[in-house]
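Undergrad: What follows is a predicted structure for the sequence shown.
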Amino acid sequence: MPSSTTDTIIFDLGGVLIDWNPRYLYRKIFEEEEMEYFLTEICNPEWNEQQDAGRLWKEAIALLVAQHPKYEEAIVAYYGRWREMVGGAVEGTVDILTGLYENKNYRLYALTNWSAETWPIALELFPFLSYFEGILVSGQEMMKKPDHRIYNLMLDRFNIDPTKAVFIDDVIKNVKGAEAVGLSAIHFQSPEQLSQNLKIIGVNQI
């Protein structure tokens, strides 16, 4: 963990600051058992992550519709009704971010696995994204966490010293990816836990 010399904090977005879950949409479409089948076997995380890495939604949807024509309407909805997967902000974490922004002692950045085509919706929905000096979006860069290249791109593009930065993510493989390039990292589990971990390393959140 970094010491009180920390001057840069890098946030993941989905699962940390933004509550996103396809179940918010698909509970409107399926009963629970069929929903879980659909999100495990058809529109599964591995398929969705390819859009985070830059694949176009048109291509991704066409691929699955050809394989699962019975589910065409539900597959098309993954992009067409994407807004309905957004539950809102994780308010406790937004409070932490706001405190860090207002005390102006830290450089604030975000590194997110996110489709380039749905990213404009996030910018529209969440004004707190303007608190970041810079945001690196995987779908725009055609690479995603935990690929070491995207962390190094973040450090280079924004002139971040990894020995003075801490990275926050709710996905353990992304935490390990950050640590592999020399960043200290916090595995996010709740706003309360994050606040406590930041206090331990001397980060003033007020």
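TA: Arrived safely. Numbering: from 1, shown residues only.
Undergrad: contacting residues for residue 112?
TA: 12-14, 135-138 (C-beta atoms under 8 Å, 6 or more residues apart in numbering). From N, CA and C alone the C-beta is placed, and that goes for glycine too.
Undergrad: residue contacts, the nearest residue to residue 145 once chain neighbours are set aside?
TA: Using C-beta to C-beta, 6 or more residues apart in numbering and skipping the chain neighbours, the partner closest in space to residue 145 is residue 174 (4.3 Å). With contacts defined as C-beta under 8 Å, 6+ apart, the neighbours of residue 174 are 12, 113, 145-146.
Undergrad: Check residue 159 too.
TA: Contacts for residue 159 were tallied using C-beta under 8 Å, 6+ apart; there are none.
Undergrad: Got the phi and psi for it?
TA: phi 50, psi 50 (degrees, to the nearest 10).
Undergrad: same deal with residue 43?
TA: Dihedral angles (degrees, to the nearest 10) for residue 43: phi -80, psi 70.
Undergrad: re the thing from before, want to try JSON lines for the contacts of residue 174, with distance to residue 124 as columns?
TA: What follows is those, written out as JSON lines (distance: C-beta to C-beta, whole Å):
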{"residue": "12", "distance to residue 124": "20"}
{"residue": "113", "distance to residue 124": "19"}
{"residue": "145", "distance to residue 124": "24"}
{"residue": "146", "distance to residue 124": "28"}
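Undergrad: Point out the other helices and strands that the longest helix anywhere in the chain packs with.
TA: Across the chain, the helix with the greatest residue count (assigned by DSSP state H) is helix 91-103. Helix 91-103 sits against strand 8-11, strand 107-112, helix 191-200, with contacts defined as 3 or more C-beta pairs under 8 Å, 6 or more residues apart in numbering; DSSP states H and E.
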